[in-house]
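Undergrad: quick one: sequence plus predicted model below, questions after.
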Amino acid sequence: MEKRAILAAVLMAALLIVYQTFFLPTPPVTPPDQQASAPKPPAPAPAAPPASAPPAPVSAPTPGPAPAAGAPASAAQRPPQRTVAADSPLHHAVVSSEGGKLQEWTLHYRGEKPMVIVGELGPRGLVLAPPEGVFAADPLPMTIGRDEVRVGSDKPTDALPLTAETDGLRIKKTMQFEAGGFAYEVKLRVENTSSAPRTVSVMLPWRTRTDWKGVTEKFLGQHPTELIWSADGRIRHIETLTSVEDQEVAGAWVAMGSIWYLHALVPKSPDFKIVTRAEKGAPAKPGDAPPVTHVSMGVRATPTIAPGQAWEGTVLVYIGPKEYDRLAPYGLEGTINFGGFPIPRAYGGLPMEWLGVPILKLMNWVYHHVGNYGVAIILLTVVSKVLFYPLTVKSMRSMKAMQTLQPQINALRNKYKSDPQRLQRETLDLYRKNKVNPAGGCLPMIAQIPIFYALYLALSVSVELQGATFLCFGRVPSWMPLLGGQDLWICDLASHDPTYVLPILMGVTMFIQQKMTPVAGDPRQAKMMLVMPFVFTFMFINLPAGLVLYWTVSNVLQILQQWYMDRSKKRDDERVARQDKQTSRA
């Protein structure tokens with residue numbers, strides 16, 4: 001049993017290490033006093049289309065020498081860019097006349113969070129071009145029909161129309177904004193005013209760089225780390241942007257984002273396909289493979305429009321936090337990666353949504369009643385301990401019984417050390433005689449691991465914890481040594497404890513728990529188990545404070561349970577001793 005307990009502890013540690021390595025990247029965070037002065041990255045020069053561009057869809061033959069649809073104009077021909085602000089209670093946007101692309105999209109969500117970085121991260125605007133040249137084409141210059149857009153309680157929705165005419169085509173793009181969400185709808189209409197059928201490629205591309213070294217995040221999770229799409233009822237996560245490949249498939253949606261934030265395109269018309277593309281730069285030296293420098297995603301339709309006819313399509317765009325209840329109405333809840341058990345889902349692990357989603361919903365429900373996510377995490381941990389209390393009691397009693405029998409087991413080992421089969425039979429007879437299950441101490445613990453792991457994952461992916469305070473006493477003056485300029489104590493449950501008090505406290509409580517837990521067998525094995533608190537403290541030192549708080553409270557409750565059981569056992573032993581004494585006197 002002792003070996004099983006050690007193996008269970010090692011497996012739990014390994015799971016945590018694997019999860020942190022593959023699912024919980026921790027990008028550097030700029031202190032608030034330095035964010036304002038952080039230099040903006042220079043905009044890169046437009047990348048030439050790679051030689052390995054995806055094959056263009058087959059288009060219907062176009063009779064006559066029709067001009068290229070949406071051919072990019074030269075810089076001298078392009079009209080000057082015009083921008084219009086679009087504001088709601090949840091975001092501030094700036095829309096450009098260059099294809100209706102977003103120059104800004106700042107969330108009013110737990111602070112100001114810019115989701116678009118011009119030239120580095122964001123949409124390229126509406127692209128209209130021949131099927132074979134859509135990636136290289138510039139956004140379509142358009143005319144904006146409004147001076148501003150503002151939605152709120154008095155006006156729940158409002159529309160921004162953009163129009164253009166080029167090469168016998170009349171194009172209209174309508175951006176429909178709403179007051180209560182982080183999404184807007186794009187309605188497209190392309191009318192063929194020429195005398196010949198036209199086949200064009202209509203695309204809404206989104207682009208990001210793959211390497212953000214030297215570029216400081218304005219907030220944790222600003223820079224995308226993965227690409228996700230849904231096709232054929234399956235969701236695929238590409239967790240390394242440099243692994244993205246060129247493809248075009250029929251799918252439900254395509255998205256890129258980090259653990260907590262998302263940019264997503266959801267086609268509402270059957271003509272659209274989802275497209276992904278890797279843009280490669282020059283190799284570092286001859287013979288090297290060209291590195292992937294930028295990744296593009298998008299939705300594309302390639303209609304053939306008869307003379308005098310029009311094609312229409314609709315796409316929903318979501319740019320916001322990965323809150324489950326906000327994503328579910330758009331079918332995007334699958335972008336939240338709850339991982340797999342006991343190995344990552346990509347390698348065949350059991351999906352954990354069936355446990356992670358209820359736990360996440362329960363945590364948010366508790367928060368709405370108590371108003372503090374730290375308190376909600378504590379109450380959630382208490383509930384989980386109460387639910388598993390019978391299993392915990394059974395495990396501890398079994399371990400106590402094993403500890404009591406250990407001297408007899410050691411005697412049998414010495415007596416039958418040259419006869420392993422006889423030793424096994426005698427040991428099993430001893431267990432049966434005393435009604436002790438040697439696996440009874442481990443099986444209840446193993447049954448709890450998936451639940452605790454689901455709790456861990458739910459807290460890891462919860463964007464609600466970002467900027468959420470627990471016990472925040474303010475900021476240490478910058479002139480003070482060591483902690484100058486740091487928050488005191490826990491002012492952001494999604495960031496690590498800057499004082500490191502909480503992870504150290506977690507290690508101390510785990511050490512006390514190990515000392516109180518009955519361990520049968522070789523004392524050297526018990527000493528090996530005492531190493532685990534130091535290992536876990538090192539692992540948790542830079543993890544989000546919300547996770548460390550959960551684990552610390554779990555340890556404290558385990559200590560209280562053990563203390564209560566030991567006290568009850570002591571009272572029972574004293575009562576039995578008094579009864580025996582009274583019986584002997586009688």
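TA: Sure, I can see it. Residues are numbered from 1 along each chain as shown.
Undergrad: for the rest of this, base every contact and every neighbour count on C-alpha atoms.
TA: Noted.
Undergrad: tell me what the longest helix along the chain is packed against?
TA: The longest helix of the chain (DSSP state H) is helix 545-585. If you count contacts as 3 or more C-alpha pairs under 8 Å, 6 or more residues apart in numbering; DSSP states H and E, helix 545-585 packs onto helix 373-387, helix 443-460, helix 501-516.
Undergrad: quick one, that helix and helix 443-460 angle?
TA: 160 degrees (axes from the mean of the first three to the mean of the last three C-alpha atoms, to 10 degrees).
Undergrad: quick one: average pLDDT of helix 545-585?
TA: Model confidence over helix 545-585, given as mean pLDDT, is 84.
Undergrad: and it with helix 373-387, angle?
TA: Using the same axes, to 10 degrees: helix 545-585 against helix 373-387 is 40 degrees.
Undergrad: would you map out the domains in this structure?
TA: What automatic domain parsing lists as the domains of the chain is 83-337, 362-463+498-585.
Undergrad: can you give the distance from the longest one to the centre of its chain?
TA: Domain 83-337 sits 20 Å away from the centroid of its parent chain (C-alpha atoms, centre = their mean, to the nearest Å).
Undergrad: rank the helices and strands packed on helix 545-585 by pLDDT, which is bottom?
TA: helix 443-460 (a mean of 73).
Undergrad: and it, what other elements does it pack with?
TA: Partner elements for helix 443-460 (3+ C-alpha pairs under 8 Å, 6+ apart): helix 353-370, helix 389-415, helix 545-585.
Undergrad: how about those in TSV, adding distance to residue 256 and mean neighbour count?
TA: Below are the helices and strands packed on helix 443-460 laid out as TSV (distance: least, C-alpha to C-alpha, whole Å; neighbours: other C-alpha atoms under 10 Å):
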stretch	distance to residue 256	mean neighbour count
helix 353-370	20	17
helix 389-415	41	17
helix 545-585	25	16
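Undergrad: distance to residue 255 added to these, as JSON lines?
TA: Below are the helices and strands packed on helix 443-460 laid out as JSON lines (distance: least, C-alpha to C-alpha, whole Å):
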{"stretch": "helix 353-370", "distance to residue 255": "19"}
{"stretch": "helix 389-415", "distance to residue 255": "42"}
{"stretch": "helix 545-585", "distance to residue 255": "27"}
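Undergrad: of these, which is nearest residue 219?
TA: helix 545-585 (16.4 Å; C-alpha to C-alpha).
Undergrad: is residue 275 in contact with residue 245, as I believe?
TA: No - Residue 275 lies out of contact with residue 245 (C-alpha atoms under 8 Å); the separation is 9.8 Å.
Undergrad: before we move on, back to that, so which of the helices and strands packed on helix 545-585 comes closest to residue 118?
TA: Using C-alpha to C-alpha, the nearest of the helices and strands packed on helix 545-585 to residue 118 is helix 443-460, at 29.4 Å.
Undergrad: how about the CA coordinates for that closest one, as CSV?
TA: Provided in CSV are the C-alpha atoms of helix 443-460 (Å, rounded to 0.1, in the frame of the first residue of the first chain):
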residue,chain,number,x,y,z
LEU,A,443,-8.6,3.2,-3.5
PRO,A,444,-10.7,6.0,-1.9
MET,A,445,-7.8,8.4,-2.6
ILE,A,446,-7.6,7.4,-6.2
ALA,A,447,-11.4,7.8,-6.6
GLN,A,448,-11.0,11.5,-5.6
ILE,A,449,-8.2,12.3,-8.0
PRO,A,450,-10.4,13.0,-11.1
ILE,A,451,-12.5,15.4,-9.1
PHE,A,452,-9.6,17.3,-7.7
TYR,A,453,-8.0,17.3,-11.1
ALA,A,454,-11.2,18.7,-12.6
LEU,A,455,-11.2,21.4,-9.9
TYR,A,456,-7.6,22.2,-10.8
LEU,A,457,-8.4,22.5,-14.5
ALA,A,458,-11.5,24.6,-13.9
LEU,A,459,-9.6,27.1,-11.9
SER,A,460,-6.8,27.1,-14.4
